[in-house]
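Participant: No letters, just coordinates:
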DNA sequence: ACAGGATCCTGGGGGC
DNA sequence: TGCCCCCAGGATCCTG
């Protein structure tokens, strides 16, 4: 389930491989993808070449010539790799872009929760994400903005972290991990946050994402990097997927609840809820 | 405004 | 062995 660190890893892997490559053909079209745009993919893409590969939130941004952009969202099971042409047949291949060096960029997505968008020069990228309501990058969050966005909401912290309009790129794994690092209970409401707690959460989000990037992300199930390598951060997760294991700080068993429609892992003892106590913890006020 | 559920989608795993 | 059911969760939509 790729979140920001996994997407960043893929972007870094693909960047040198796609640099200046020209598109010579499109041999698999994303027609089975959900929300697939009914455009002429071959006519739009063939002849264009890569300028840069970047990332915005969980989106992979391919900057192409003629000011066009190919945006790819991996959803939950998306994989993006460059392979040699004529390899083994691959299941769930939804986009195959042939390159001028005998290789191809393959977008595979078993569950089709991902998305592919093509933007022409007229559909400027500069305004696209703003219009989509995507929030700031986690490493560029203004502390005043952060406190205001959180503190003006009655929603719980888990839901706020998952909201891509507040901060882009955080998913279920790193939301739980950031809350653990900040010692804040996921059920705590934004409006209950004190400024210092909001700030420690902001820093925890930055820190956990940075740590995960340095380990090439977490491979829980399907994720592989752009070079086919698995991530290494799954071994550093402190609460996600560790239900019942002793908390690394206080040895209380890690709890799992359903929150904001997602499985949510936390330590009931050392993640404080400012009075909002989920499972009989004695912490907080 | 917010919570919660349903939806999309498939493969893996547990239980029987 | 085989079958059924549940689970995973990114984003979006709908309802209460």
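Facilitator: It's in. Computed from a predicted model, the values in this text were never measured in an experiment.

Participant: mind listing the helices for chain A?
Facilitator: Applying DSSP state H to chain A gives helices spanning A:4-18, A:41-45, A:125-131, A:143-151, A:157-162, A:172-181, A:195-214.

Participant: and the closest residue to residue A:75 other than its chain neighbours, how many neighbours does it have?
Facilitator: Excluding the flanking residues, the one nearest residue A:75 by Cβ to Cβ, 6 or more residues apart in numbering is residue A:113, at 3.0 Å. C-betas here are computed from N, CA, C, even on glycine. For residue A:113, the neighbour count with other Cβ atoms under 10 Å is 15.

Participant: that older thread, among the helices of chain A, which comes closest to DNA strand B?
Facilitator: helix A:157-162 (4.5 Å; Cβ to the nearest atom of the strand).

Participant: low-scoring stretches of the stretch 151-285 of chain A, by residue?
Facilitator: Under the criterion pLDDT under 70, the flagged ranges of the stretch 151-285 of chain A are A:275-285.

Participant: Around DNA strand C, which positions in it sit nearby?
Facilitator: A:162, A:164, A:171, A:172, A:173, A:261, A:262, A:263 (Cβ under 7 Å from any atom of the strand).

Participant: how about 10 Å then?
Facilitator: A:159, A:161-165, A:168-176, A:220-222, A:240-241, A:243, A:256, A:258, A:260-265 (Cβ under 10 Å from any atom of the strand).

Participant: Report the buried members of these.
Facilitator: By neighbour count, with 16 or more other Cβ atoms under 10 Å, those hold A:159, A:161-164, A:168-176, A:220, A:222, A:240, A:256, A:260, A:262, A:264-265 as buried.

Participant: Of the residues of the stretch 151-285 of chain A next to DNA strand C, which belong to strands?
Facilitator: Using DSSP state E, A:256, A:258, A:262, A:263, A:264, A:265 are the members of those that sit in strands.

Participant: circling back to that earlier point, can you narrow the buried ones among the residues of the stretch 151-285 of chain A next to DNA strand C down to the ones near DNA strand B?
Facilitator: Okay, of those touching DNA strand B (Cβ under 10 Å from any atom of the strand), that's A:159, A:163, A:222, A:260, A:262.
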